[in-house]
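Q: how would this look folded up:
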Amino acid sequence: MNRSGFRPSRYLCAGVLLVLGWAAPGARGQISIALKTDFRRYLRYEPVSVTVILRNLSGNTLVFGKEGVNQGYLRFRVERQDGSEAPWLDRDFNPVEDLVLGAGESRQLALALNAVFDLQREGTYSVTAQLGHRRLPHDYRSEAVTLDVREGLPVLQRNIGLPTASATDQIQAITVSMLLFHDGEKGCYCLRAEDDKAVYGTVRLGPQITGSQPQMDVDAASDVHVLIQLQPRLFAHLVYSISPAGVRLRQRQQYLPDAYGPRLTRAPGYVRIVGGNPLREGMDQEGPIFPEAPAGR
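A: Okay, here's the model as predicted:
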C-alpha cells in the first residue's frame, strides 16, 4: 500500500453509539440509520473504524442489488473543517451490495473509513452515512459524527530488516516507531511500521502512565518487543511481527511488578523480561487496553 491511501480492511469494532438521525423527517418509520465509532480521535494512518447501524421499519424485506427495483446503496460524505470533501479512494465501494434486510431486522456494517477516503491530513472530519433504495420514497441519512485525525510524538524508534525467503533476496528496511498520541481524554502509546513508500500497520499499545517509560527492542527474527505499563500494578510484554501484510500481535504476557522489574533486556539474538511476576494462565487481566487494529495505510 502506498502513502496515498489505506489498505482496504473491513472489521467489526466495539464502540459507543454516537448519533441517530433521519434524512427525511417527514417519512419516519421507514429506515433508521446511525453511526458509531470506537474513538473520537485517531492517530494518522490508524484504521478509522466506523459502524453503520441499520434498522428496517418499512414492513417489507429489502434486497439491495446493483440495478432494477432492488437497486440500493450506502454512501458516505466526509467533510473537513473548512467544508472541503475528503478525496475518495474507492468511489465504487457499496457496503450494502447483496445485503438482504428483513422487515424489522437490524444490521451493523463495519468498515475502515480510510479504506474509502483519504484521511491522511490532520484535522477535524464530519462524517455522515446515507442509505437509498429504489423501493423507498426517500433516502435516509444519519446525523454527522465528528472525529479528529492527529499525528503523534515519536518516543522510541528502531530500524529493522525483514527476514527474506532466500540468502540472495534484497533485505527490506522498515522503521518501527513508538508514538505518544493524545486521544482527546488521555495519552496513549502506539506502534507504527513504515518505510518511505508505505505504512504497514499502526496499533494502539496502552495508556500513558505518569512516571512510567515504555521500552521497545527487536530480536534476531525482527520481532518487536514492547514493555508497557497498563495500570498502576500491571505491565504487559507485547511481541509484534512486522511484514508488508501488517503488524500482528504474536504474544502477550502480563506481569505484576516486584523489586527487580519487570524490565526489558537484550542478549545476543533474543530479548527477554527480567524481574516481575508473570500472571499465570487464567489470571490474565484484559489487555492491551486498546483493541488491536488491522494493518493500515
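Q: Helices along this structure, start to end?
A: With helices called from DSSP state H, the chain shows none.
Q: the domain parsing of it - what is it?
A: The chain resolves into domains spanning 16-150, 153-278 when parsed by automatic domain parsing.
Q: could you dump those domains to JSON lines with mean pLDDT and mean neighbour count?
A: Yep, even glycine has a C-beta here, placed from its N, CA and C like the rest. Formatted as JSON lines, these follow (pLDDT from 0 to 100; neighbours: other CB atoms under 10 Å):
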{"stretch": "domain 16-150", "mean pLDDT": "88", "mean neighbour count": "17"}
{"stretch": "domain 153-278", "mean pLDDT": "93", "mean neighbour count": "17"}
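Q: Just confirm residue 146 contacts residue 124, I think it does.
A: Yes. Under the criterion of CB atoms under 8 Å, residue 146 is in contact with residue 124, at a separation of 6.3 Å.
Q: Need the residue closest to the centroid of the protein.
A: Ranked by distance to the mean C-alpha position of the chain (CA atoms, centre = their mean), the top residue is residue 47 at 3.3 Å.
Q: Does it touch residue 116 like I think?
A: No. Applying CB under 8 Å as the test, residue 47 and residue 116 come out as separate, 11.7 Å apart.
Q: and the residue nearest to residue 224 when sequence neighbours are not counted, what are its bridge partners?
A: Nearest residue to residue 224, sequence neighbours excluded (CB to CB, 6 or more residues apart in numbering): residue 240, at 4.6 Å. Beta-bridge partners recorded for residue 240 (DSSP bridges): residue 224, residue 249.
Q: What separation do you get for residue 240 and residue 42?
A: With distances defined as CB to CB, to the nearest Å, the gap from residue 240 to residue 42 amounts to 19 Å.
Q: can you check residue 193 too?
A: For residue 193, the distance to residue 42 under the criterion CB to CB works out to 17 Å.
Q: all strands of the stretch 101-250 of the chain, in order?
A: 106-112, 123-133, 140-141, 145-150, 153-161, 173-182, 187-194, 199-207, 215-218, 224-231, 234-243, 246-256 (DSSP state E, counting those that start in this stretch).
Q: Residue 262: which of those strands is closest?
A: Shortest separation from residue 262 across these is recorded for strand 246-256, at 4.4 Å, computed as CB to CB.
Q: Now do that closest one: distance to the chain's middle.
A: Its chain's average C-alpha position is 17 Å from that of strand 246-256, according to CA atoms, centre = their mean, to the nearest Å.
Q: Please report the distance of the residue nearest to the centre of the chain from residue 199.
A: Summarising the geometry, the distance separating residue 47 from residue 199, computed by CB to CB, is 11 Å.
Q: Same check on residue 85?
A: If you go by CB to CB, the gap between residue 85 and residue 199 works out to 23 Å.
Q: Same question for residue 104.
A: 42 Å.
Q: Please apply the same query to residue 145.
A: From residue 145 over to residue 199 the distance is 24 Å, taken as CB to CB.
Q: again, but for residue 90
A: Residue 90 sits at a distance of 18 Å from residue 199 (criterion: CB to CB).
Q: next one: residue 182
A: Distance, residue 182 to residue 199, by CB to CB: 20 Å.
Q: try residue 87
A: Distance, residue 87 to residue 199, using CB to CB: 17 Å.
Q: now swap in residue 137 and tell me
A: Residue 137 is 44 Å from residue 199, by CB to CB.
Q: likewise residue 57?
A: 41 Å.
Q: could you list every residue that touches the nearest residue to residue 43 once chain neighbours are set aside?
A: Among residues not flanking residue 43 along the chain, residue 181 sits closest, at 4.7 Å (CB to CB, 6+ apart). For residue 181, the contacting residues are 43, 150, 151, 152, 153, 187, 188, 189, 190, by CB atoms under 8 Å, 6 or more residues apart in numbering.
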